[in-house]
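A.B. asks: fold the following for me, if possible:
(chains A and B)
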Amino acid sequence: MPAAPAPAALVPTELVPGPWRRVSSRYLVVDLIGTLISTVVLTAVASIPFWLSGVFVLLAIPGVVFVVGVVVAAFTPRRVRAIGYQLREDDFVVRRGIMFQRFAAVPYGRMQLVDINRGPLDRAMGLAELKLVTAASASNVAVPGLPLADAEELRDRLVELAESRRAGL
Amino acid sequence: MARPDGAAAENLADGEWHRLHPATPLLRGGFAFVAIAGFVIANLRERILGLFFGGDGPGAASGDPIAMIIQQGLIPIALLVVLAVLCVIVLIFWLSWRVHSFRITDELVEVRSGILFRTNRRGRLDRIQGINVGRPLFARLFGAARLDINVAGHDANVPLAYLSGRNADALRQVILQLASGSRAARAGGQDVAGVAREHDGTLAGIVSQRAREFIAPERDPGLAPPSAVVTMHPGRLLGSTILHDRTVIFVLLVVAAIVLASLAHAFLVVFAIVPLLFGVGSQIIRRFSRSLRYSIAATPDGVRVGYGLLSMTNETLPPGRIHAIEIQQPLLWRPFDWWEVRINLASHSDRQEGGRRTTTILPVGSRAEVFAVLALVFPEIVDEAVLAHLVAGLARATPGDGFTTSPRRAIVLRWFSWRRNGYALEPEAVLLRRGAIWRDLVLVPTARMQSVSVHQGPLLRMLQLTDVQVHTVSGPIRATLGALDAADGALFFRAVEASGVAAAAADRTHRWATQPAPGRASSTVPAAEPAAAGPASAEPASAEPSAATTAAPALPGGSA
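C.D. replies: Here you go, the predicted structure:
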């Protein structure tokens, strides 16, 4: 075991080398609009105590919510760029997040289901979300922001790979 | 309806449609039936007493419907109505019994039922996760048993309720043999079914047969010689129940309730505690009564775990159906070196009390018994190296015990357990060791692992640590390990993923007897076998539609 501390913290390229496939840049718009809507709604909800009581101190709650929303929105471009996936020889690897990084690898033989989901914003931008389902609910592997044609192609490819490596549960 | 109980148990697995035990509707509605009868009798008690002892009865009171009927001379009509209702009930019972049938073919088990709303349920034999023979108290009086065939998925059991007890045992055997994929299954199955003889027909024979069945833990011990690995000593069970964390919590809650009520007069708080007490208390009692007749034994087709005192269940788990196993120790058990073993299974049928699945495979056992159980459920995984890791995994951490543990800086997050907190990797198993005060060891067979992930948040990044998780099917066990060195976490991620892919490719447990000669459960292909033929083509074209494309194919189908 390496006695010296690791040279750097978990850097994506270190854990799984190789070219990462990125999601469409149009997904940035979808994510931003989604963040915007939820920020507005949450701020409105958080300001209810103020409207009911009229105490000015309570304005701090919607204020904090709003600032958090803005910060999340500010990091959206980086977060979208951080989403990546790879089709490796035996498994599908997904990475997400910058502040909270998560890497997940699913062997092809373990896939039970491949979903394609499209919300209204996704549809407007011609995007789709691809979701892999295994027998474990904790797997939770999804790739948002794929162009529809790419998503369908990827789904067919994954199903084909899964079939060729099929195993029991 | 009055089909005799069968001179010999039929061969029910011949691919044809068969019906269930004739008393099925009565057994299913058993409690309701008893309750209604009890209600009627309780209401008519005085009248019946009066009838027998010649008193003039209290019935003259106005508003009593029976008195009214008698007074108005409506007895014949009333009797007719009662008779008609009874006829309708019997007819419905008979119809529901007629349309409720099942068949078992080489590939699947299928049940269809329902008069108005027809349902049809199929389970694929190679996705069987376990077969449960349950004998609720009421059904036991009739010598009947329910067979629950658990296939993978949520609420995905195919119940055959009820069968005559002999048939249930023979059928379990045959289904397991068919599922194992052994070619001799059909002939063997007939033998097995033929052997299972019912009583000799005389009344004395029936009575003694029933009595024997009522007490026997296994319906037919001759079918599977019981080589019980662990026997439960009542003393130890009692001691372990008293010293269990749950009991300690229970006592503390009681003390808190008494103190609050007497000193602070905080009755509201007490009211909040009381439901909690009921919950914890019933858990303790249920664990105790279920475990009193606990047994675990090896059979040719998997591990058989028996439970229950009044409602008995007896589940057979084919090889390779256990997705994760956890050995843990409540704090006060440590002086006695007792451990509890739990498992994750891919099927959940926690709906009915008779077929409740158990996730505790060993309620309490010594260290040696834990190892015996592990050797039983993972015969091909537990070798010398794994055993060494298991020994180290249950002990205090020492340097060089084979576990890669958290670095010293993880002390911020793992105050006491950072020395113990770690993992060990074997080609076919991942071992996660956690906890210093509450010791805990998780073993995941890599052939069953679904996926693996690694996380890092801002705090962990500052400390150069990561969390890892091996994803298994849902159950009581979560195979997570926190606060590892970032480099060790990355190593874990890569190694587990690689060994998972290799083990899954070599795994044959969904048709566990196909490749080698049919027989022992432990004779599955060693997973280290080089996948020369290619993992896909080695499977003898089971001709099932793609498992991975559409909806989970093992799940039962919709209505017909």
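A.B. asks: hey, let's count contacts and neighbours off CA atoms from now on
C.D. replies: OK.
A.B. asks: from B:Thr360, how far out is B:Arg448?
C.D. replies: 19 Å (C-alpha to C-alpha, to the nearest Å).
A.B. asks: how many residues are close by the residue lying closest to B:Ser164 once chain neighbours are set aside?
C.D. replies: Leaving out its chain neighbours, the residue that sits closest to B:Ser164 by C-alpha to C-alpha, 6 or more residues apart in numbering or on different chains is B:Ala144, at 4.4 Å. Counted with other C-alpha atoms under 10 Å in any protein chain shown, residues neighbouring B:Ala144 total 27.
A.B. asks: shouldn't B:Ala144 be in contact with B:Tyr162?
C.D. replies: Yes - taking C-alpha atoms under 8 Å as the definition, B:Ala144 is a contact partner of B:Tyr162 at 6.1 Å.
A.B. asks: name the residues contacting each of the two.
C.D. replies: Common neighbours of B:Ala144 and B:Tyr162, using C-alpha atoms under 8 Å, 6 or more residues apart in numbering or on different chains, are B:His21.
A.B. asks: low-confidence regions, chain B specifically.
C.D. replies: B:1-10, B:30-31, B:51-65, B:182-228, B:348-357, B:513-560 (pLDDT under 70).
A.B. asks: and residue 110, how many neighbours?
C.D. replies: All of this refers to chain A. Using other C-alpha under 10 Å, A:Arg110 has 29 neighbouring residues.
A.B. asks: actually chain B
C.D. replies: B:Glu110 is flanked by 22 other residues according to other C-alpha under 10 Å.
A.B. asks: could you list every residue that touches it?
C.D. replies: By C-alpha under 8 Å, 6+ apart, the neighbours of B:Glu110 are B:Phe102, B:Arg103, B:Ile104, B:Asn120, B:Arg121, B:Arg122, B:Gly123, B:Val158.
A.B. asks: make JSON lines from the residues you listed and add neighbour count to it.
C.D. replies: Converted to JSON lines, these look like this (neighbours: other C-alpha atoms under 10 Å in any protein chain shown):
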{"residue": "B:Phe102", "neighbour count": "24"}
{"residue": "B:Arg103", "neighbour count": "18"}
{"residue": "B:Ile104", "neighbour count": "24"}
{"residue": "B:Asn120", "neighbour count": "19"}
{"residue": "B:Arg121", "neighbour count": "20"}
{"residue": "B:Arg122", "neighbour count": "23"}
{"residue": "B:Gly123", "neighbour count": "25"}
{"residue": "B:Val158", "neighbour count": "24"}
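A.B. asks: so which of those residues sit within strands?
C.D. replies: B:Phe102, B:Arg103, B:Ile104, B:Asn120, B:Arg121, B:Arg122, B:Gly123, B:Val158 (DSSP state E).
A.B. asks: just the residues you listed now: which is nearest chain A?
C.D. replies: B:Gly123 (14.4 Å; C-alpha to the nearest C-alpha).
A.B. asks: follow-up on the earlier one: what about B:Arg448 and B:Thr360, which has more around it?
C.D. replies: B:Arg448 (27 against 18).
A.B. asks: report the contact partners of the more buried one.
C.D. replies: Applying C-alpha under 8 Å, 6+ apart, the residues contacting B:Arg448 are A:Leu169, B:Gly320, B:Ile322, B:His323, B:Ala324, B:Thr472, B:Gly500, B:Ala504.
A.B. asks: CSV for the residues you listed, including secondary structure?
C.D. replies: Formatted as CSV, the contacts of B:Arg448 follow (DSSP: H, G, I helix; E, B strand; the rest coil):
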residue, secondary structure
A:Leu169, coil
B:Gly320, coil
B:Ile322, strand
B:His323, strand
B:Ala324, strand
B:Thr472, coil
B:Gly500, helix
B:Ala504, helix
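A.B. asks: so which strand or helix has residue 38?
C.D. replies: Just so you know, I chose chain A. helix A:27-46 (DSSP states H and E).
A.B. asks: not quite, go with chain B.
C.D. replies: helix B:30-53.
A.B. asks: in that helix, what counts as buried?
C.D. replies: Residues B:Arg47 are the ones in helix B:30-53 that count as buried (16 or more other C-alpha atoms under 10 Å in any protein chain shown).
A.B. asks: CA atoms only: put that helix into CSV for me.
C.D. replies: Provided in CSV are the C-alpha atoms of helix B:30-53 (Å, rounded to 0.1, in the frame of the first residue of the first chain):
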residue,chain,number,x,y,z
GLY,B,30,-59.8,-19.7,7.6
PHE,B,31,-59.6,-16.9,10.1
ALA,B,32,-62.6,-15.1,8.7
PHE,B,33,-64.6,-18.3,8.9
VAL,B,34,-63.7,-18.9,12.5
ALA,B,35,-64.4,-15.3,13.4
ILE,B,36,-67.8,-15.3,11.8
ALA,B,37,-68.7,-18.6,13.5
GLY,B,38,-67.5,-17.3,16.8
PHE,B,39,-69.5,-14.1,16.4
VAL,B,40,-72.7,-16.0,15.6
ILE,B,41,-72.2,-18.4,18.5
ALA,B,42,-71.5,-15.7,20.9
ASN,B,43,-74.6,-13.9,19.9
LEU,B,44,-76.8,-16.9,20.1
ARG,B,45,-75.2,-18.2,23.3
GLU,B,46,-78.1,-17.6,25.6
ARG,B,47,-80.6,-18.9,23.1
ILE,B,48,-78.6,-22.1,22.7
LEU,B,49,-78.2,-22.5,26.4
GLY,B,50,-81.9,-22.0,26.8
LEU,B,51,-82.5,-24.7,24.2
PHE,B,52,-80.4,-27.2,26.0
PHE,B,53,-81.4,-26.5,29.6
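A.B. asks: which parts of chain A sit against chain B?
C.D. replies: Chain A comes close to chain B at residues A:1, A:6, A:8-10, A:15, A:90-91, A:99-107, A:109-114, A:134-139, A:159, A:162-169, as judged by C-alpha under 8 Å from any C-alpha of the partner chain.
A.B. asks: for PyMOL, write the selection for the buried entries among these.
C.D. replies: Selection of the buried residues among those in PyMOL, burial being defined by 16+ other C-alpha under 10 Å:
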select buried, chain A and resi 9+10+15+90+91+101+102+103+104+105+106+107+109+110+111+112+113+114+134+135+136+138+139+159+162+163+164+165+166+167+168+169
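A.B. asks: now, the residues of chain A next to chain B that are in strands?
C.D. replies: Those of the residues of chain A next to chain B lying in strands (DSSP E): A:Asp91, A:Gln101, A:Arg102, A:Phe103, A:Ala104, A:Ala105, A:Val106, A:Pro107, A:Leu113, A:Val114.
A.B. asks: so where do the helices sit in the stretch 451-560 of chain B?
C.D. replies: Assigned by DSSP state H, counting those that start in this stretch, the helices in the stretch 451-560 of chain B fall at B:458-462, B:486-506.
A.B. asks: of all these, which one is nearest B:Ala397?
C.D. replies: helix B:486-506 (17.5 Å; C-alpha to C-alpha).
A.B. asks: could you say what helices and strands that closest one packs with?
C.D. replies: Here helix B:486-506 is seen to pack against strand A:101-107, strand B:451-456, strand B:465-471 when contacts are counted using 3 or more C-alpha pairs under 8 Å, 6 or more residues apart in numbering or on different chains; DSSP states H and E.
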